[in-house]
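what's the 3D shape of this:
(one chain, ligands or ions: 2)
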Amino acid sequence: MITIKSAREIETMAAAGRMVAETLALVARHVRPGVSTEALDRVAEDFIRSHPGARPSFKGLYDFPATLCTSINQEVVHGIPSPRRILQEGDLLSVDVGVWLEGLHADSAATFPVGKVSEQVVRLLKVTQEALAAGVAQARSGNHVGDIGHAVQGVAEGAGYSVVRELVGHGIGSAFHEDPQVPNYGKPKRGPRLVPGMTLAIEPMVNVGGPDIRTLEDRWTVVTQDGSLSAHFEHTVAVVENGGPPRVLTAVA
Ligand code: MG
Ligand code: MG
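Ligands and ions are numbered 1, 2, ... in the order given. As a prediction, this is how the structure comes out:
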């Protein structure tokens, strides 16, 4: 069931979303060679819990053990922070985080270069961000979910990359994962129609190689089947009246 949020609920989600954006900015300032992903997780959790009424969305969600998902290089999503995972010069690190505030969630992700990275990594990050922006731009009342996926896919595949198909974006609200599913591929004018008050997490996962993925023995970490690099960017947005561009809830104000 797709839930429509009231103006008041959207303001609460925007407050949660600002906290998510601030968490990502804080983590970004700590990303450097020699830092463990667990150290980043601690910084993020302490920051979120310092706000009354807020808690990390992921910790305990489906029994996930941490505040952040930290996914390095060929890892696509759902990497578990660990004291043994030390960032190396040239890595790329995808960080995914959600915040629950007064009953509602917000969700965002960004991929960061670690120290100096290759031209290939720079381009992958740029294209994935552009794919997200193209998808967000389609989240307008009167459009359909398929318009979002079509736009994301066009940018990613147009650059010679592929989009992950088995994992998708989602509605978000009082539950972290709500309907509708928001695939990163699709056809224009297909899928559920977008109406004002819908809140969606749009999240392209873009692979340098093929689209296929598999899950490691830890039952969480998703990697590319072919070992190619992968990037992930995500925003939570609210569909507004009159077909205008959506309100991005996970941006720093
Ligand atoms: Mg996320
Ligand atoms: Mg999400």
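
and the stretch 151-253 of the chain, which residues reach ligand 1?
residue 234 (CB under 5 Å from the ion). For the C-beta atoms, the positions are set from N, CA and C on the backbone; glycine is no exception.

Low-confidence ranges, the stretch 151-253 of the chain, go.
Along the stretch 151-253 of the chain, the parts satisfying pLDDT under 70 run over 253.

List, one by one, the residues from the stretch 1-150 of the chain near ligand 2.
Counting by CB under 5 Å from the ion, the stretch 1-150 of the chain sits next to ligand 2 at residue 107.

now the strands for the stretch 1-150 of the chain?
Using DSSP state E, counting those that start in this stretch, the strands of the stretch 1-150 of the chain run over 54-56, 68-72, 75-77, 92-101, 104-113.

Do me a favour and average the pLDDT over the third one.
When you say that, I think you mean strand 75-77. For strand 75-77, mean pLDDT rounds to 98.

and it, what other elements does it pack with?
Counting contacts by 3 or more CB pairs under 8 Å, 6 or more residues apart in numbering; DSSP states H and E, strand 75-77 packs against strand 92-101, strand 205-207, strand 222-224, strand 230-232.

Now do whichever residue of the stretch 1-150 of the chain sits closest to ligand 2 against residue 199, distance only.
Nearest residue of the stretch 1-150 of the chain to ligand 2 (CB to the ion) works out as residue 107 at 4.2 Å. From residue 107 over to residue 199 the distance is 10 Å, taken as CB to CB, to the nearest Å.

Neighbours of the nearest residue to residue 64 once chain neighbours are set aside, how many?
Nearest residue to residue 64 in three dimensions, chain neighbours excluded: residue 58, at 5.0 Å (CB to CB, 6 or more residues apart in numbering). When neighbours are counted by other CB atoms under 10 Å, residue 58 registers 25.

Surely residue 58 and residue 69 touch.
Yes: if you go by CB atoms under 8 Å, residue 58 and residue 69 touch, sitting 6.7 Å apart.

which residues touch residue 38?
81, 82, 83, 85 (CB atoms under 8 Å, 6 or more residues apart in numbering).

Quick one: mean pLDDT for the longest helix seen in the chain?
Identified as the longest helix of the chain according to DSSP state H is helix 7-30. Averaged over helix 7-30, pLDDT sits at 98.

Of all the strands of the stretch 1-150 of the chain, which one comes closest to residue 15?
strand 92-101 (5.8 Å; CB to CB).

What helices and strands are in contact with the closest one?
helix 7-30, helix 37-49, strand 54-56, strand 68-72, strand 75-77, strand 104-113, helix 119-137, strand 230-232.

Send over that strand as CSV, restricted to the C-alpha atoms.
C-alpha atoms of strand 92-101 as CSV (Å, rounded to 0.1, in the frame of the first residue of the first chain):
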residue,chain,number,x,y,z
LEU,A,92,35.7,4.1,-3.2
LEU,A,93,33.4,3.9,-0.2
SER,A,94,29.6,3.9,-0.4
VAL,A,95,27.9,5.0,2.8
ASP,A,96,24.2,4.5,3.3
VAL,A,97,22.4,5.8,6.4
GLY,A,98,18.9,6.3,7.7
VAL,A,99,17.5,8.3,10.6
TRP,A,100,14.3,7.7,12.5
LEU,A,101,12.8,10.8,14.1
